[in-house]
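A.B. asks: The sequence and its predicted three-dimensional model are supplied below.
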Amino acid sequence: MFNLDLASALEIVARSLAVYFVVLVGLRLGGKRAIGQMTVFDLVVLLLIANAVQNAMVGPDTSLLGGILAAVVLLVVNALVARLRMSSPRLRRLVEGSPTLLVLHGEVIPEHMSREEIDEESLMEALREHGVAELSGVEMAVLEIDGSISVIPAGGTTTRVKKPRKLLRH
């Protein structure tokens, strides 16, 4: 239960780091969705990924220390990535992405909607949640990095308080 030699420990560290970065890139490529916006399918995929990568991290090691080491590596590397992204705008954009402009002056930007996999029905739902009934009543709608949609009504102010982002894709 507590047997773990140095070679096995280093292998677990390397495997855990590799899995962390592969899953991070995979989820990043998956788009911007908040936890509350996950579908049942997204949850199933996330659970299956967790199960699939568990063996990839610890390999043949089934010791308690091996599992603890893998967990510690994931926590430490996540903390490091979080700290580094706070000090590097470039890394932050790489890891988190950047807001995407969906509507400008009442006009939908189809390329951005398509790239972010947002259909017009979902956009209209978000607009209604912000008290806007028609596209013509929107000055700007932005898909934020957390998956939420901020809306600035025409002639109004934003209906959602967010820290300003310097980079918007046009």
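C.D. replies: Now that the structure is in, tell me what you want to look at. Computed from a prediction, not measured in an experiment: that's the story for all the values here. Numbers count the residues shown, from 1 in each chain.
A.B. asks: Nearest residue to Ala154 in space, please, no chain neighbours.
C.D. replies: Leaving aside its chain neighbours, Ala154 sits nearest to Glu139 (4.7 Å; criterion: C-beta to C-beta, 6 or more residues apart in numbering). (C-beta placed from N, C-alpha, C; glycine too.)
A.B. asks: ugh, wrong one, Val58
C.D. replies: Gly66 (4.8 Å).
A.B. asks: thinking again about what came up before, using the three-state scheme, assign the residue nearest to Ala154.
C.D. replies: strand (DSSP: H, G, I helix; E, B strand; the rest coil).
A.B. asks: which residues touch it?
C.D. replies: Contacts for Glu139 were tallied using C-beta atoms under 8 Å, 6 or more residues apart in numbering; they are 104-106, 152-156.
A.B. asks: Closest to Asn3 out of these?
C.D. replies: Asn3 lies nearest to Ile152 out of the contacts of Glu139, by C-beta to C-beta, at 59.9 Å.
A.B. asks: List phi and psi for that closest one.
C.D. replies: phi -110, psi 110 (degrees, to the nearest 10).
A.B. asks: Distance across stretch 133-144, terminal residue to terminal residue?
C.D. replies: 21 Å (C-alpha to C-alpha, to the nearest Å).
A.B. asks: From Ile49, how far out is the residue nearest to Ala154?
C.D. replies: The gap separating Glu139 from Ile49 is 39 Å, by C-beta to C-beta, to the nearest Å.
A.B. asks: got it, and Leu75?
C.D. replies: Where Ile49 is concerned, Leu75 sits at a distance of 18 Å (C-beta to C-beta).
A.B. asks: which SS class is Glu117?
C.D. replies: coil.
A.B. asks: and the helix or strand encompassing Val73, average pLDDT?
C.D. replies: Assigned by DSSP states H and E, Val73 belongs to helix 64-87. Averaged across helix 64-87, the pLDDT comes to 90.
A.B. asks: now stretch 14-31
C.D. replies: Across stretch 14-31, pLDDT averages out at 85.
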